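Chemist: Using only what follows, build the 3D model:
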Amino acid sequence: MNDVLPADAPVGARIRHYRDRRGMSRPVLGGLVGKTGEWVKAVENGRLQTPRLPMLLRIAQALELDDLATLTGDGHAVPVSLYAGPRHSALSAVQTALTEYRVSLKLEPVSVPHLAVRLRQAWLVRHSSPDHRTQLGTLLPDLIRDAQVAVRALRGDERREARRVLSGVYQLADFYVAYQPAPELVWMVADRALTEAQEADDPYMIAGGAWAMVQALREAGRWDEAVDLATDARDSLARYLDGAPDDWRGMVGALDAEVAYVHARRGRHGLAWAHWEKADQVARRLGADYRHTQSSFSQSVMSAHAVTLGVELRRTGEALRAANGFDPVAIPSLARRGRHLIEVARAHALEGDDNGVLTLLDRSQRVANETISYNGFARDMLLKLRKRPPTGRESEVRRLCDRVGLAA
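Modeler: Numbering: from 1, shown residues only. Prediction:
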């Protein structure tokens, strides 16, 4: 292996160089970023165009590179953490709980009903805390371990109930590990959530596991797989809706909303809005007071989804009309409300309205400080504002960057 990398080396050659230095195979790197080994080979050989920023960030994280310029060849340092979000202080503890493979079992299993109560409380914390990631980082390690012990120690119907709870724990963990420099954990928890639900033979939990996996596939750009999985999970669950709890219908709507999002990412306007309308009809039938715990699916969140579709489709008029059509306070989950305000800021950014971007990002940070700190779109917008702040608002930009963790 040549240890000298030419200064003008293309991105593909740089990826190959640092992959070789880590002794990592193409299939392994591909798996960490949601692609195949053949895809990695094509990028390295220049047969595919240079990946876009989100994928370059995943590759840099997988190769444990601190500076994105290492891959791009740009002479200016671009810390990966500026875009990708920092490593949360509890990530190591959560990772250890997820990857602690004990052969011998010495602990008595915790009561499954008690585990279920702890899981419900953890979901409430996730939605009601501005520092939701820190709160989950405190709760998840013990919750993961206890649920895993219960599945291993129990038998029969009790084990099936424990698997339901463990699937739910992994679905919750998915929100914690997302947007952190550990992409392998995103795939791990999504896969485990779906596998445990399948082992429990629970249609609703299977759909919830699929919902988490669809998002992982979407973020990796695996559009067709994401749509196929969401559609299959939705149709499978729809067969059981007669007499089922409202949450089963809520999950059907949430899966259609995900399909709409994927189509918007692909620029397919008609399909995106067709699936949004199907999901919106479900939300309206469930009523104004309904909210699905895992997905936040509700009437207010469907309004928020309309903003996101407009942004992804580059229809800023549609996005801003949707944003003006409802009050974000109607979104009960602070984390989801914070994300919505970032999406509205993206619409203003497309319009070139830097003042609007700054105002909305400031609101987002005050609603849920740990949502904006780990959101790549928000960090990107803030970096641009820091370079060219709106007239008379330079100090506001600087203070907001400090609060988000983007201090110069």
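
Chemist: So for the closest residue to Arg388 other than its chain neighbours, what's the pLDDT?
Modeler: Leaving aside its chain neighbours, Arg388 sits nearest to Asp354 (7.4 Å; criterion: Cβ to Cβ, 6 or more residues apart in numbering). For every residue, glycine as well, the C-beta is placed using N, CA and C. Note on Asp354: pLDDT of 97.

Chemist: again, but for Val78
Modeler: 62.

Chemist: Repeat that for Pro181.
Modeler: So, for Pro181, pLDDT stands at 75.

Chemist: Specify the local secondary structure of it.
Modeler: coil (DSSP: H, G, I helix; E, B strand; the rest coil).

Chemist: Looking at stretch 369-376 now, give me its mean pLDDT.
Modeler: Mean per-residue pLDDT for stretch 369-376: 92.

Chemist: Ok, stretch 108-127 next?
Modeler: Stretch 108-127 shows a mean pLDDT of 94.

Chemist: Now tell me what touches it from outside.
Modeler: With contact meaning Cβ atoms under 8 Å, 6 or more residues apart in numbering, stretch 108-127 is reached by 132, 135-136, 139-140, 143, 146-147, 149-150, 152-154, 158, 161-162, 165, 168-169, 172, 175, 293-294, 296, 332-336.

Chemist: of those residues, buried ones?
Modeler: Burial by neighbour count, judged by 16 or more other Cβ atoms under 10 Å, picks out 132, 135-136, 139-140, 143, 146-147, 149-150, 154, 161-162, 165, 168-169, 172, 175, 293-294, 296, 333-336 from the contacts of stretch 108-127.

Chemist: Please give the element, helix or strand, for Leu115.
Modeler: Assigned by DSSP states H and E, Leu115 belongs to helix 112-128.

Chemist: Which elements pack onto the helix or strand following that helix?
Modeler: Where DSSP H and E defines the elements, the next helix or strand beyond helix 112-128 is helix 132-153. Counting contacts by 3 or more Cβ pairs under 8 Å, 6 or more residues apart in numbering; DSSP states H and E, helix 132-153 is packed against helix 91-98, helix 112-128, helix 156-177, helix 369-372.

Chemist: Report all helices and strands that the shortest one contacts.
Modeler: Going back to what we said before, that points to helix 369-372. When contacts are defined as 3+ Cβ pairs under 8 Å, 6+ apart, helix 369-372 sits against helix 132-153, helix 334-350, helix 354-367, helix 394-404.

Chemist: Please work out which of those helices is packed deepest.
Modeler: Compared across the helices and strands packed on helix 369-372, helix 334-350 shows the largest average neighbour count, a mean of 24 (mean count of other Cβ atoms under 10 Å).

Chemist: Need the contact partners of that helix.
Modeler: With Cβ under 8 Å, 6+ apart as the test, helix 334-350 has contacts from 126-130, 132, 175, 296, 301, 304, 307-308, 310-311, 314, 316, 319-320, 323, 328-329, 331, 354, 356-357, 360-361, 363-365, 367-368, 370-372, 375, 377-378, 381, 384.
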